[in-house]
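*Asks:* sequence-free structure coming up:
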């Protein structure tokens with residue numbers, strides 16, 4: 001089976017968002033940032049109240065409000081940062097190997113991805129995991145990289161999904 005598709009900047013950003021939402025390392029970092037910053041805010045409030053000779057409840061109250069706002073709005077901020085960073089990264093240089101027209105040929109042994117920059121052949125055992133979201137299939141060939149296959153480019157999404165699941169799971173045995 002062969003499929004043809006076009007990987008866009010939007011698809012690349014969607015992959016980065018998906019990966020961030022499903023990575024335990026990123027989730028741990030996000031949790032630490034989300035809750036450690038408000039604690040620091042409270043400590044700053046206490047220190048400033050002593051240094052500036054202002055009643056502690058006023059500054060701690062102010063920094064407590066800032067901390068709660070940080071906790072509430074940090075996930076949205078974090079998501080925007082991922083989008084912004086992914087967009088900047090993909091615009092930094094020549095990315096024809098990532099973006100643009102691709103073909104993927106599925107064989108019994110694995111897959112061959114063809115782009116304007118060359119070919120990549122991967123055995124099914126080299127695909128560490130298969131994931132998808134509403135927009136794309138992600139065939140992870142390492143912990144942080146994946147082949148991105150936009151679903152909107154495919155005529156037979158269910159057939160491709162079934163093939164990938166069967167090949168990837170059977171090679172893991």
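*Replies:* Yes, it's here. As the structure is a prediction and not an experimental result, all values here were calculated from the model. Numbering: from 1, shown residues only.
*Asks:* could you list the buried residues of the top helix by length along the chain?
*Replies:* As assigned by DSSP state H, the longest helix anywhere in the chain is helix 56-91. Under the neighbour-count criterion of 16 or more other C-beta atoms under 10 Å, helix 56-91 has 59, 60, 63, 66, 67, 70, 74, 78, 82, 86, 90 buried. For every residue, glycine as well, the C-beta is placed using N, CA and C.
*Asks:* okay, now the unreliable bits of the chain?
*Replies:* By pLDDT under 70, the low-scoring segments of the chain are 170-173.
*Asks:* one more time with 80
*Replies:* Low-confidence segments of the chain (pLDDT under 80): 93-97, 169-173.
*Asks:* residue ranges for the helices of the chain, please.
*Replies:* For the chain, helices defined by DSSP H occupy the ranges 9-22, 24-51, 56-91, 157-171.
*Asks:* what about stretch 31-49, distance to the chain center?
*Replies:* Chain-centre distance of stretch 31-49: 28 Å, with C-alpha atoms, centre = their mean, to the nearest Å.
*Asks:* stretch 82-102 too?
*Replies:* Here stretch 82-102 is found 13 Å from its chain centre; the criterion is C-alpha atoms, centre = their mean.
*Asks:* same question for stretch 74-81.
*Replies:* Here stretch 74-81 is found 12 Å from its chain centre; the criterion is C-alpha atoms, centre = their mean.
*Asks:* just the angle for the longest helix of the chain relative to helix 24-51, thanks.
*Replies:* Interaxial angle, helix 56-91 versus helix 24-51 (axes from the mean of the first three to the mean of the last three C-alpha atoms, to 10 degrees): 140 degrees.
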